[in-house]
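1. What follows is a protein structure lacking sequence information:
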């Protein structure tokens, strides 16, 4: 296995272990956060959780199953997953998906959160960040893993992506949780949504 520009690549040409984004960008974030939480040593948390960017082989270690604890995912095959991963990877400095790997449990993915960076013409060609798809496995809750993910991505958005602001959406009962990280309602701002599809049933399944 070799490494090029922070991206882990299998020497046989298989890219299953190639990171979605440059893992080296996280090093200073880990170092700074470890001053606040001694459980984080480099990219290992509490001696049992590895924090890193998403890789394709995470499909085989429960990544989609973890997201199903958050919302409906439909039917996602390995080829579907690989295609979407590569689409994201082809948009540099845009998609940053962090995962938490359980080192002692067959490398299962037990936590994840996403930072999406949107490039704009306003705000002096500013970048606006969004935190999405925050999920910690049922069996791992209560270990401060959600707090870890939010803190790391918020710091990453500010220091590495130069976002002029970062936002997230959450249910009412989670507002106080996110407020502890500095997220608050903005005056005269409302979140409105229009849904075009009911994705609770996969399109392929509908056709059968």
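-> That came through fine. Computed from a prediction, not measured in an experiment: that's the story for all the values here.
2. And the strands in this protein, which stretches?
-> If you assign secondary structure with DSSP state E, the strands in the chain sit at 2-4, 7-9, 40-41, 44-45, 49-53, 95-102, 108-119, 127-136, 165-168.
3. what about the second one, average pLDDT?
-> Just to be clear, that refers to strand 7-9. Model confidence over strand 7-9 averages 43 on the pLDDT scale.
4. circling back to that earlier point, select, out of the strands of the chain, the one closest to residue 64.
-> When the strands of the chain are ranked by distance to residue 64, counting by C-beta to C-beta, first place goes to strand 108-119 at 9.1 Å. (Each C-beta comes from the backbone N, C-alpha and C, glycine too.)
5. Among the strands of the chain, show me which one is buried the most.
-> Each of the strands of the chain was scored by mean neighbour count; the highest is strand 95-102, a mean of 23, by mean count of other C-beta atoms under 10 Å.
6. before we move on, back to that, switch the strands of the chain over to TSV; also include distance to residue 180.
-> TSV is the format used below for the strands of the chain (distance: least, C-beta to C-beta, whole Å):
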stretch	distance to residue 180
strand 2-4	36
strand 7-9	33
strand 40-41	18
strand 44-45	18
strand 49-53	20
strand 95-102	19
strand 108-119	15
strand 127-136	14
strand 165-168	13
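7. looking at those, which is closest to residue 68?
-> Of all the strands of the chain, the one in closest proximity to residue 68, counting by C-beta to C-beta, is strand 127-136 (9.1 Å).
8. Residue 120 - how many residues pack around it?
-> Other residues within reach of residue 120 by the criterion other C-beta atoms under 10 Å amount to 11.
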